[in-house]
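# My questions are about this predicted structure, shown below with the sequence.
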Amino acid sequence: MRLGFVLREMGVGLRRNLSMTVSVVLVTMVSLFFLGLGLLVQQQVSILKGDWYDRVQVSIFLCGEVSTAEDCPAGPITTEQRDALREQLQASPLVAQVFYESQQEAYESFLEMYDESFAENVTPDQLPESFRVRLTEADRYEEVRAQFAGQPGVEDVPDQRAVLDPLFAAMDGATRVAIGLAALMLLCSVLLVSTTIRLTAFSRRRETSIMRLVGASRALIQLPFVLEGVVASFVGAVLASGALYALVEFGVGRLQERPDFTTRLVESADVLWPTAPVLLGVGVVFSVIASLLSLRRWLRV
C-alpha cells in the first residue's frame with residue numbers, strides 16, 4: 001500500500017514537472033559524460049605508462065675514441081672495464097636483461113631511423129657502443145643511474161623516460177580539465193535537482209499538509225520527492241554511460257583495429273567496469289543529497 005502510494009506520487013511529480021525533469025536528465029548526462037571521459041583518460045594514461053615504461057631500456061653509453069675528455073678522462077673503455085661492467089649489470093637485482101650494442105650495430109640502427117642524406121655524414125666509429133638494459137622495475141631507474149653513472153668507461157646514462165613524461169603530463173592535464181568541467185556540470189545538476197524538488201514540493205504543499213495531519217512519517221512524505229531526483233539522475237547516468245560506450249566502441253575501437261596501430265587503448269569493457277557503475281553511483285548519491293537538502297528547507301515536517 002505504501003509502496004504503491006510512493007510510486008504513484010513520484011509519477012505525479014515527474015509528469016507535473018516534465019520539462020524540468022528532462023532538463024535534469026540532460027544536464028546530469030552531460031556532467032557525468034565528462035566525468036566518465038576524465039576517468040577513461042586516466043585509465044588510458046595508466047595503460048600507456050605500464051606498456052611504455054616496460055619497453056623502456058636504459059642505455060649506458062661507453063667511452064669511445066670521439067668521447068670528450070670531460071666525459072671520459074681515462075680515454076676509451078678497455079676490454080677489462082667492459083667485461084667488469086657487464087658482470088655488474090648481470091649481477092644487479094634491478095636488471096632483468098642486458099644487451100650489448102657495438103658501434104657497427106649502433107650505426108645500422110641509426111640508418112634505420114634516418115634517411116640516407118642525413119646518415120651519409122656519419123660513420124660507425126662516431127657512434128658509441130652501449131649496453132641496453134631492461135629493468136625489473138622501470139620506476140627504479142634512478143637507482144640504476146646512480147649505480148652506473150660515473151663508472152670507469154661509462155660516458156653517459158641518459159634518462160629515456162624524459163621523452164615520455166611530457167606526454168603523460170599533458171594527458172594528466174587533460175584528465176584534470178575533464179574532471180574539473182564535470183565537477184562544474186555536476187554542481188549545475190545538483191542545483192537543477194534542488195530547484196525541481198522545491199517546485200514539486202511547493203505545487204503539492206496541500207497534499208503534504210494533509211499527510212502531515214493524518215500522521216504520515218517524515219520518510220513517507222519525503223520519499224516520493226527523493227525518488228523523482230534519483231530517477232532523473234539515474235536516467236542521465238545511463239545515457240552518459242551509453243554515450244561513452246558508443247564513443248569507445250565505434251571511435252577508439254575502430255582506431256585500434258588498424259593493422260599499423262599497435263598502442264593498447266581503453267576498451268568498451270573499461271566503460272562497463274568500473275566507469276559506468278561509478279557514474280551511476282555518483283548520479284544517484286548526488287541526487288539524493290540535493291533532494292534531502294532541498295526538502296529540509298522547503299518541506300519541513
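Happy to help now that I have it.

# Quickly note the distance from residue 200 to residue 139.
Distance, residue 200 to residue 139, using C-beta to C-beta, to the nearest Å: 53 Å. Using the backbone N, CA and C atoms, a C-beta is placed for each residue, glycine as well.

# between the two, which one's more packed in?
residue 200 (27 against 10; other C-beta atoms under 10 Å).

# My read is that that one contacts residue 222, right?
No. Contact between residue 200 and residue 222 fails when scored by C-beta atoms under 8 Å: they sit 11.4 Å apart.

# what's the spacing between residue 88 and residue 190?
Separation of residue 88 from residue 190 (C-beta to C-beta) stands at 60 Å.

# what does residue 93 give?
Using C-beta to C-beta, one obtains 52 Å as the distance from residue 93 to residue 190.

# These two: which has the busier surroundings?
residue 190 (23 against 8).

# Can you give me every residue that contacts that one?
The neighbourhood of residue 190, defined by C-beta atoms under 8 Å, 6 or more residues apart in numbering, consists of 286-287, 289-290.

# Select from these every entry located in helices.
286-287, 289-290 (DSSP state H).

# out of those, which are buried?
Among the ones in helices among the contacts of residue 190, those scoring as buried are 286-287, 290 (criterion: 16 or more other C-beta atoms under 10 Å).

# Just the terminal-to-terminal distance for stretch 242-254.
With C-alpha to C-alpha, to the nearest Å as the measure, the ends of stretch 242-254 fall 17 Å from one another.

# for that stretch, which positions count as buried?
Within stretch 242-254, the residues that count as buried by 16+ other C-beta under 10 Å are 243-245, 247-248, 252.

# Just name the closest of the residues you listed to residue 61, please.
residue 252 (38.3 Å; C-beta to C-beta).

# ok, and the closest non-adjacent residue to the closest one?
If the residues on either side of it in the chain are set aside, residue 252 comes closest to residue 265, at 5.2 Å by C-beta to C-beta, 6 or more residues apart in numbering.

# Likewise for residue 97?
Once its chain neighbours are removed from consideration, residue 97 has its nearest residue in residue 134; the separation is 4.4 Å (C-beta to C-beta, 6+ apart).

# what separates that neighbour from residue 102, distance-wise?
18 Å.

# Beyond the strand or helix carrying residue 254, next helix or strand please.
When elements are assigned from DSSP states H and E, residue 254 belongs to helix 253-256. Using DSSP H and E, the next helix or strand after helix 253-256 towards the C-terminus is helix 268-270.

# Run through who's touching that next one.
Where contact means C-beta under 8 Å, 6+ apart, the residues beyond helix 268-270 that reach it are 40, 43, 245, 248-249, 253.

# Stretch 129-149 too?
Counting by C-beta under 8 Å, 6+ apart, the neighbours of stretch 129-149 from elsewhere in the structure are 53-54, 56-62, 64, 77, 85-86, 88-89, 92-103, 106, 154, 156-157, 159, 161.

# where in the stretch 51-200 of the chain is pLDDT low?
For the stretch 51-200 of the chain, the stretches with pLDDT under 70 are 69, 115-119, 159-164.

# where do the helices sit along it?
Along the stretch 51-200 of the chain, the stretches classed as helices by DSSP state H, counting those that start in this stretch are 79-91, 103-113, 116-119, 141-148, 165-203.

# How far does stretch 156-166 stretch from one end to the other?
22 Å.

# what do you get for stretch 103-121?
Distance across stretch 103-121, first residue to last, is 15 Å (C-alpha to C-alpha).

# Kindly report the same for stretch 141-156.
The first and final residues of stretch 141-156 sit 14 Å from each other (C-alpha to C-alpha).

# Distance from the chain centre to it, please.
33 Å (C-alpha atoms, centre = their mean, to the nearest Å).

# Quick check: buried residues in that stretch?
For stretch 141-156, using 16+ other C-beta under 10 Å, the buried residues are 141, 144-145, 148, 153-156.

# Leaving out sequence neighbours, find the closest residue to residue 237.
Take residue 237 and drop its neighbours on the chain: the residue closest to it by C-beta to C-beta, 6+ apart is residue 283, 3.6 Å away.
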